[in-house]
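>>> Here is the input, now give the coordinates:
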Amino acid sequence: MQQTAAKRPGLTRSIHDRVLAGVVGGIAHRYGWSPTLLRILFVVVSVLSAAFPGILVYLLLWLLVPEGND
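The predicted structure follows:
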C-alpha cells in the first residue's frame, strides 16, 4: 500500500491577514504559526540585529512571493 503525503501549498502572500503586503501573514499561514507573534518576532530581530536587514528582506519577499487567494 502506497501512502501519499499531503502536499503543502507554496508560499504566498496573504490577502486577508496583512498589515503591509501580507508577507508575514503568508509565512505564518504556510507553517501554521500565529501571524501576530511572527510579526513581533520579525520586528524584534530586525531592530536588535544589525546583521539582519529586515526591511530589505521584507521588500524582496514582497516582490518575489506571489499573492495568494487564502
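
>>> And the helix or strand hosting V44, what's buried?
Per DSSP states H and E: V44 is located in helix 35-48. Within helix 35-48, the residues scored as buried using 16 or more other C-beta atoms under 10 Å are 35, 38-39, 42, 46. The way it works is simple: take the backbone N, C-alpha and C, and place the C-beta from them, glycine included.

>>> which among these gets closest to H16?
Within the buried residues of helix 35-48, proximity to H16 (C-beta to C-beta) peaks at P35, which comes in at 10.2 Å.

>>> quick one, phi/psi of the residue lying closest to the closest one once chain neighbours are set aside?
Excluding the flanking residues, the one nearest P35 by C-beta to C-beta, 6 or more residues apart in numbering is A28, at 4.0 Å. Torsion angles at A28 (phi, psi; degrees, to the nearest 10) stand at phi -60, psi -40.

>>> Among the buried residues of helix 35-48, which has the minimum pLDDT value?
By pLDDT, S46 ranks lowest within those, coming in at 84.

>>> Cool, thanks, talk later.
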